[in-house]
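Asks: predicted coordinates and the sequence they were generated for:
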Amino acid sequence: MKKINIGLLGFGTVGQGVAKIIHEKGEQIKASTGCELEIKKVLVRNMDKERAVKLPKELFTTDAHLIPNDPQIDLVIEVTGDVELSYELMQIAFKNKKHVVTANKAVVSAYFEELSELAAENGVYFLYEASVGGGIPVLKPLKDIIKLNEVSRVRGILNGTCNYILTKMTAFGADYGEVLKEAQELGYAEADPSSDVEGTDTQRKLRILASLAFGAKVTEEDILCLGIDKLSAFDIEAMKERGKVVKLVGDAKEVEGGYEAIVQPVAVSAGSYFSSVNQAFNSVAVSSDMVGEVKFYGAGAGMLPTANAVLTDCLDVATEEQIIANPLRDRGMVCKTQELKGVFYVRTEEKTAALAALEGEAVASSPYAMITKPVALKELLELLSSDPAASIIRMEGEDY
């Protein structure tokens, strides 16, 4: 029986989910894989905090550097949500020949190339399935796809909080602030929801997906990011009247000479695939030359779905299911996001002459709302820069 000793960095929702599954499914894990997972040490901020999942107190430590330096630990699970300290601890773990599994999309996005290279140099695994899509297995299949395929596009609904808010606004005609408050009360949204609703969370996930898919370095700065925090019930209803459903979509696609990558609210056609992805669920679609389009759908967050993804990575380490080699490639691609063009719904406080010149279809006069003619997004954003409350939605057809 192969035994893997685990050091757990963080014991919040996901960390407790990891401990819960190991406790409840330990015998099943042994029977199905021939491996035993044992938590040897857990990093916490507060030793005395009451937690729903109980572990012996002697397993806890507040010494951040103890776990990555412990010679008894084989694998480090990082689920803190921190960036700089987590990066430092992961580097130490790799240099000490320890495998690392994480759900922390912030640190993966910030240091994707550095961490991938360091793990490969030290002959250990760096796996991060739970960092994109929560419980949806998408990164491991994507690594398989790129072995034989050229990926031309990856897109998806990647944030459960935003999708829950938009689903409720669409179904009940509720305004953004009202639904956000409900989402916070239900635990879907944080007390500070800015990372979710302003699109940063989706941006980080798209950066990870696109970098893997294209084999090029697609940074957060390359991805234009528009959130849902400016949308109103008026905007959602205007789209419903036109047979559209609004979703926050992360989309990266290869174009001639490079790629475009953007996070934005998109009005998808009612009855299309993404229109049916509702509540806190996520979905990712990958398009490639050999296999065509493949879609992944499931729970995008939550204690057990996310912890399941973390532990699936751990079992891949134990059974050597994946390759250790760095999956990132150094393909030279130019960012063309600033050249992106499209047709957009716009709502703003005032109708200016410059905006009126772009009007393709009038929607309302007060507040002023229109659907543009085809226009460069960069130009449109410049025209809207003086109105902080302006909303913008990309219009799409059956493509979505």
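Replies: Noted; the coordinates are in hand.
Asks: confirm for me that Val55 is in contact with Lys40.
Replies: Slight slip there: residue 55 is Leu, not Val. No: here Leu55 does not reach Lys40: they are 10.9 Å apart, not a contact under CB atoms under 8 Å. Using the backbone N, CA and C atoms, a C-beta is placed for each residue, glycine as well.
Asks: what helix or strand does Glu237 sit in?
Replies: Using DSSP states H and E, Glu237 sits within helix 233-240.
Asks: once you drop chain neighbours, what's closest to Leu209?
Replies: Val154 (4.9 Å; CB to CB, 6 or more residues apart in numbering).
Asks: CA atoms of the helix or strand containing Glu27 as CSV?
Replies: Per DSSP H and E: Glu27 is located in helix 13-33. What follows is helix 13-33, C-alpha atoms only, in CSV (Å, rounded to 0.1, in the frame of the first residue of the first chain):
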residue,chain,number,x,y,z
THR,A,13,-14.0,25.7,3.3
VAL,A,14,-11.9,23.8,0.8
GLY,A,15,-9.3,22.6,3.3
GLN,A,16,-12.1,21.2,5.5
GLY,A,17,-13.7,19.6,2.5
VAL,A,18,-10.4,17.8,1.8
ALA,A,19,-10.2,16.5,5.3
LYS,A,20,-13.8,15.4,5.2
ILE,A,21,-13.5,13.4,2.0
ILE,A,22,-10.3,11.7,3.2
HIS,A,23,-12.0,10.7,6.4
GLU,A,24,-15.2,9.5,4.7
LYS,A,25,-13.7,7.9,1.6
GLY,A,26,-10.4,6.6,2.9
GLU,A,27,-11.2,2.9,2.5
GLN,A,28,-12.7,3.5,-1.0
ILE,A,29,-9.5,5.4,-2.0
LYS,A,30,-7.3,2.5,-0.8
ALA,A,31,-9.5,-0.1,-2.6
SER,A,32,-9.6,1.8,-5.9
THR,A,33,-6.1,3.1,-6.1
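Asks: and that helix, what does it pack onto?
Replies: If you count contacts as 3 or more CB pairs under 8 Å, 6 or more residues apart in numbering; DSSP states H and E, helix 13-33 packs onto strand 2-9, strand 35-43, helix 303-319.
Asks: contacts for the last one?
Replies: This means helix 303-319. 2, 4, 6, 13-14, 16-18, 20-22, 29, 33-35, 37, 75, 77, 79, 99, 101-103, 125, 127-130, 133-137, 140, 298-299, 321-322 (CB atoms under 8 Å, 6 or more residues apart in numbering).
Asks: now do it, average pLDDT.
Replies: What helix 303-319 shows for mean pLDDT is 96.
Asks: angle of it against strand 35-43?
Replies: Taking axes from the mean of the first three to the mean of the last three CA atoms, to 10 degrees, helix 303-319 and strand 35-43 form an angle of 120 degrees between their directions.
Asks: since that was my last question, I'll sign off now.
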